[in-house]
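1. Pasting a predicted model and its sequence here:
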Amino acid sequence: MTRVAVNGVTGQMGGAVIEAATDSEVVVGFATSETDAVEGVPVVDPADAATALREYDVDVVVDFAVPEGALTVAEACAETGVPMVVGTTGFDEDGLARLQDASEVIPLLKATNFSQGIQVLQRLVSEAVDTLEDYDLELMETHHNRKVDAPSGTATSILDVIQEERDVEPVYGREGHAPREADEIGVFARRAGDVRGEHELVLAGNDEVLSLSHRAEDRGVFAAGALDAAAWLVGRDAGWYAFGDVVDA
Ligand SMILES: NC(=O)C1=CN([C@@H]2O[C@H](COP(=O)(O)OP(=O)(O)OC[C@H]3O[C@@H](n4cnc5c(N)ncnc54)[C@H](O)[C@@H]3O)[C@@H](O)[C@H]2O)C=CC1
Ligand SMILES: O=C(O)C1=N[C@H](C(=O)O)C[C@H](O)C1
């Protein structure tokens, strides 16, 4: 049974991973919290992650925390040779570069969204944007009112897919009085209630509108995907991997 450490173990996703871990065993968690344990899983300060990874004989780390915490644990993974699945979003360019550095010495799989549906949505977006060349594009996402990063990592990944097909200029929200430029893509982030994660791309033109959307109904979908990725990652060569590699396996 795969021995998993969860970074961000006291958070919403940390709890979802513990709940979803049926074919894996969560043996330790990392969080900056006064809590000693959560659901029977010992909680360790991220600063002591390298020692804990060895002490608990961890096979792989599953991360759903904050960028600073993910990078601390990534360094511990690089030091101890433990593979890492990174689910945390909101990294800046320097943070992404530091994750790339870690992937030189460990297998590291990063995904902004571990649902299979979003993997399919991204492939549909690529085909739709390529085919509907002159249609206006607008991107919306909605999440719970505790989410601290905007737009979502998933929305940023969808933007990356779009920009592989078309030069677009993101406009983050709109106000004031100005015409819409043809190369714009409006990007809108809504925060309300306990919405698990909704994303929609609208393609409008030629007297029609195409809407491509996804709704996560439970954090379990992300937890299950991350655990599948973790089991898939163990034993692989050092390098940078994507969730699409797992979905296509
Ligand atoms: N890739 C994916 O499929 C998904 C990614 N996420 C991302 O996962 C992250 C966490 O989301 P939630 O669980 O909802 O957040 P949360 O706020 O509920 O939990 C964050 C966790 O990080 C811990 N933390 C804070 N500072 C830390 C540090 N320096 N080192 C280690 N841990 C630290 C907190 O104690 C808490 O346990 C966010 O970036 C979110 O966007 C969330 C769902 C799915
Ligand atoms: O914070 C969340 O909850 C989520 N964050 C990820 C993101 O930023 O895209 C994935 C999912 O949408 C849930």
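-> That came through, no problem. Ligands and ions are numbered 1, 2, ... in the order given.
2. My guess is Val195 contacts His144. True?
-> Yes: using C-beta atoms under 8 Å, Val195 is in contact with His144, at 5.3 Å. No exception for glycine: its C-beta is placed from N, CA and C like everyone else's.
3. For Thr72, which non-adjacent residue is closest in space?
-> Distances taken as C-beta to C-beta, 6 or more residues apart in numbering put Pro46 closest to Thr72, at 4.6 Å, once the chain neighbours are dropped.
4. Can you tell me how far the residue nearest the centre of the chain is from Val187?
-> Residue closest to the mean C-alpha point of the chain, counted by C-alpha atoms, centre = their mean, is Thr112 at 2.1 Å. According to C-beta to C-beta, to the nearest Å, Thr112 and Val187 sit 14 Å apart.
5. And for Leu212?
-> 15 Å.
6. Do the longest helix seen in the chain and ligand 1 come into contact?
-> In the chain, taking DSSP state H as the definition, the longest helix is helix 116-131. No: Helix 116-131 is not in contact with ligand 1 by C-beta under 6 Å from any ligand atom; minimum separation 8.0 Å.
7. repeat for stretch 101-110
-> No: judged by C-beta under 6 Å from any ligand atom, stretch 101-110 stays clear of ligand 1, getting no closer than 8.4 Å.
8. Which one of Leu212 and Val187 is surrounded by more residues?
-> Legend: neighbour count by other C-beta atoms under 10 Å for Leu212 and Val187, higher for Val187 (23 against 18).
9. Pretty sure the more buried one sits against Glu169.
-> No: using C-beta under 8 Å as the test, Val187 is too far from Glu169 to be in contact (10.4 Å).
10. contacting residues for the residue nearest to Thr72?
-> Going by C-beta atoms under 8 Å, 6 or more residues apart in numbering, Pro46 touches 7, 30-32, 65, 69, 72-73, 76.
11. Mind splitting the chain into its structural domains?
-> Domain assignment for the chain by automatic domain parsing gives 2-114+219-248, 116-215.
12. closest to ligand 2 out of those domains?
-> Checking these against ligand 2 by C-beta to the nearest ligand atom gives domain 116-215 as the closest, at 3.0 Å.
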